[in-house]
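Student: Could you work out the structure for the sequence below:
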Amino acid sequence: MYNSNKCELLKNAKRIAVVGLSRNPFKIIRMIADYLIKYGYLVVGVNPYNCDEFDVPVYKSLIDVPLKIDIVNIFRKSEDIAELIPDILKINPRAVWLQQGIKNDRAVAPLIKNGIMVIQDECIKIVHSMCFGA
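Tutor: Prediction:
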(Lines give C-alpha, C1' and ligand atoms only; values in the text may rest on other atoms or scores of the structure.)
Protein backbone atom coordinates (compact mmCIF):
# COMPACT_ATOMS: atom_id res chain seq x y z
CA MET A 1 0.00 0.00 0.00
CA TYR A 2 1.29 3.47 -0.94
CA ASN A 3 0.76 5.52 2.25
CA SER A 4 -1.73 4.24 4.77
CA ASN A 5 -2.88 7.68 6.01
CA LYS A 6 -3.53 9.01 2.51
CA CYS A 7 -5.10 5.76 1.33
CA GLU A 8 -7.35 5.64 4.39
CA LEU A 9 -8.39 9.25 3.78
CA LEU A 10 -9.25 8.53 0.14
CA LYS A 11 -11.05 5.31 1.09
CA ASN A 12 -13.32 7.06 3.59
CA ALA A 13 -13.85 10.41 1.85
CA LYS A 14 -17.09 10.91 -0.05
CA ARG A 15 -17.22 14.64 -0.91
CA ILE A 16 -14.39 16.65 -2.48
CA ALA A 17 -14.40 20.38 -3.19
CA VAL A 18 -12.07 21.30 -6.05
CA VAL A 19 -10.88 24.88 -5.61
CA GLY A 20 -9.99 26.52 -8.91
CA LEU A 21 -12.10 24.26 -11.14
CA SER A 22 -11.90 25.37 -14.77
CA ARG A 23 -14.55 25.25 -17.51
CA ASN A 24 -11.87 24.09 -19.94
CA PRO A 25 -12.25 20.29 -20.22
CA PHE A 26 -8.64 19.95 -21.39
CA LYS A 27 -7.07 21.43 -18.27
CA ILE A 28 -5.54 18.95 -15.83
CA ILE A 29 -7.84 20.17 -13.07
CA ARG A 30 -10.88 19.04 -15.06
CA MET A 31 -9.29 15.70 -15.88
CA ILE A 32 -8.60 15.09 -12.21
CA ALA A 33 -12.14 16.14 -11.22
CA ASP A 34 -13.55 13.76 -13.85
CA TYR A 35 -11.29 10.99 -12.53
CA LEU A 36 -12.55 11.54 -8.98
CA ILE A 37 -16.17 11.44 -10.17
CA LYS A 38 -15.45 8.23 -12.08
CA TYR A 39 -14.26 6.63 -8.84
CA GLY A 40 -17.40 7.54 -6.94
CA TYR A 41 -16.61 10.83 -5.22
CA LEU A 42 -19.15 13.62 -5.10
CA VAL A 43 -17.21 16.54 -6.56
CA VAL A 44 -18.16 20.19 -6.29
CA GLY A 45 -16.22 23.06 -7.73
CA VAL A 46 -15.19 26.34 -6.17
CA ASN A 47 -14.53 29.17 -8.61
CA PRO A 48 -15.58 32.75 -7.82
CA TYR A 49 -15.45 33.79 -11.46
CA ASN A 50 -17.07 30.94 -13.37
CA CYS A 51 -20.05 29.34 -11.65
CA ASP A 52 -22.05 28.25 -14.69
CA GLU A 53 -21.62 25.80 -17.55
CA PHE A 54 -20.10 23.00 -15.49
CA ASP A 55 -21.00 19.33 -15.24
CA VAL A 56 -20.84 19.57 -11.44
CA PRO A 57 -22.20 22.15 -9.00
CA VAL A 58 -19.83 25.11 -8.64
CA TYR A 59 -19.88 27.67 -5.84
CA LYS A 60 -18.25 31.07 -5.44
CA SER A 61 -16.50 30.08 -2.20
CA LEU A 62 -16.02 27.12 0.12
CA ILE A 63 -18.45 28.54 2.66
CA ASP A 64 -21.16 28.61 -0.04
CA VAL A 65 -20.99 24.82 -0.49
CA PRO A 66 -24.11 23.40 1.21
CA LEU A 67 -22.49 20.02 2.01
CA LYS A 68 -20.00 18.75 4.53
CA ILE A 69 -16.73 18.49 2.59
CA ASP A 70 -14.25 15.73 3.38
CA ILE A 71 -11.35 16.94 1.24
CA VAL A 72 -10.60 20.38 -0.14
CA ASN A 73 -8.45 19.81 -3.23
CA ILE A 74 -6.68 23.03 -4.22
CA PHE A 75 -5.44 24.07 -7.66
CA ARG A 76 -4.18 27.58 -6.90
CA LYS A 77 -0.74 29.15 -6.75
CA SER A 78 1.22 28.52 -3.57
CA GLU A 79 1.14 32.23 -2.72
CA ASP A 80 -2.70 32.23 -2.92
CA ILE A 81 -3.19 29.52 -0.29
CA ALA A 82 -3.22 31.91 2.69
CA GLU A 83 -6.38 33.66 1.47
CA LEU A 84 -8.26 30.33 1.50
CA ILE A 85 -7.38 29.41 5.09
CA PRO A 86 -10.19 31.34 6.90
CA ASP A 87 -12.90 29.64 4.82
CA ILE A 88 -11.24 26.24 5.19
CA LEU A 89 -11.20 26.64 8.96
CA LYS A 90 -14.91 27.56 8.88
CA ILE A 91 -15.94 24.44 6.97
CA ASN A 92 -13.50 22.19 8.87
CA PRO A 93 -12.86 19.42 6.31
CA ARG A 94 -10.98 16.26 7.24
CA ALA A 95 -8.17 17.19 4.86
CA VAL A 96 -6.75 19.81 2.53
CA TRP A 97 -4.89 18.54 -0.49
CA LEU A 98 -2.55 20.90 -2.34
CA GLN A 99 -1.91 19.55 -5.82
CA GLN A 100 1.51 18.75 -7.22
CA GLY A 101 3.70 21.86 -7.33
CA ILE A 102 1.70 23.67 -4.63
CA LYS A 103 3.21 24.07 -1.18
CA ASN A 104 2.95 26.73 1.51
CA ASP A 105 4.00 25.54 4.98
CA ARG A 106 3.33 28.89 6.61
CA ALA A 107 -0.20 29.24 5.21
CA VAL A 108 -1.29 25.72 6.17
CA ALA A 109 0.09 25.85 9.73
CA PRO A 110 -3.29 26.94 11.21
CA LEU A 111 -4.98 23.97 9.52
CA ILE A 112 -2.53 21.52 11.05
CA LYS A 113 -2.90 23.24 14.43
CA ASN A 114 -6.68 22.70 14.16
CA GLY A 115 -6.34 18.98 13.40
CA ILE A 116 -6.96 19.15 9.65
CA MET A 117 -4.78 16.75 7.67
CA VAL A 118 -2.68 18.62 5.09
CA ILE A 119 -1.10 17.04 2.02
CA GLN A 120 1.12 19.29 -0.08
CA ASP A 121 2.77 19.00 -3.48
CA GLU A 122 1.09 15.72 -4.45
CA CYS A 123 -1.43 14.83 -7.11
CA ILE A 124 -4.60 13.32 -5.65
CA LYS A 125 -5.15 11.26 -8.84
CA ILE A 126 -1.68 9.73 -8.70
CA VAL A 127 -1.98 8.92 -5.00
CA HIS A 128 -5.46 7.43 -5.53
CA SER A 129 -4.18 5.22 -8.36
CA MET A 130 -1.23 4.09 -6.24
CA CYS A 131 -3.50 3.27 -3.31
CA PHE A 132 -6.18 1.44 -5.26
CA GLY A 133 -4.53 0.37 -8.49
CA ALA A 134 -6.94 2.47 -10.53
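
Student: what kind of secondary structure is the residue most central in space within the chain in?
Tutor: To find the centre residue of the chain, average its C-alpha atoms and take the closest one (Cα atoms, centre = their mean): that gives residue 73, at 1.0 Å. Under DSSP: H, G, I helix; E, B strand; the rest coil, residue 73 falls in the strand class.

Student: Now the residue nearest to residue 102 when sequence neighbours are not counted: phi and psi?
Tutor: With Cβ to Cβ, 6 or more residues apart in numbering as the criterion, residue 102 has its nearest non-adjacent residue at 5.2 Å, and that residue is residue 78. In short, each C-beta sits where N, CA and C put it, glycine included. The phi/psi pair for residue 78 (degrees, to the nearest 10) reads phi -50, psi -40.

Student: One more: residue 128?
Tutor: Dihedral angles for residue 128 - degrees, to the nearest 10 - are phi -60, psi -50.

Student: Residue 11 now?
Tutor: The phi and psi torsions at residue 11 (degrees, to the nearest 10) take the values phi -70, psi -40.

Student: Contact partners for it?
Tutor: Residue 11 makes contacts with 131, 132, as judged by Cβ atoms under 8 Å, 6 or more residues apart in numbering.

Student: can you give me the strands in this structure?
Tutor: For the chain, the strands defined by DSSP state E cover 15-19, 42-46, 58-59, 71-74, 95-98, 117-119.

Student: By residue count, tell me the biggest helix in this protein.
Tutor: Criterion DSSP state H: the longest helix present in the chain is helix 28-38.

Student: about what we covered before: which pLDDT value belongs to the residue nearest to residue 102?
Tutor: On the pLDDT scale, residue 78 is placed at 97.

Student: In contact with it: list those residues for me.
Tutor: With contacts taken as Cβ under 8 Å, 6+ apart, residue 78 has the following neighbours: 98, 101, 102, 103, 104.

Student: So what's the residue count around the closest residue to residue 22 other than its chain neighbours?
Tutor: Nearest residue to residue 22 in three dimensions, chain neighbours excluded: residue 29, at 5.3 Å (Cβ to Cβ, 6+ apart). Using other Cβ atoms under 10 Å, residue 29 has 18 other residues around it.
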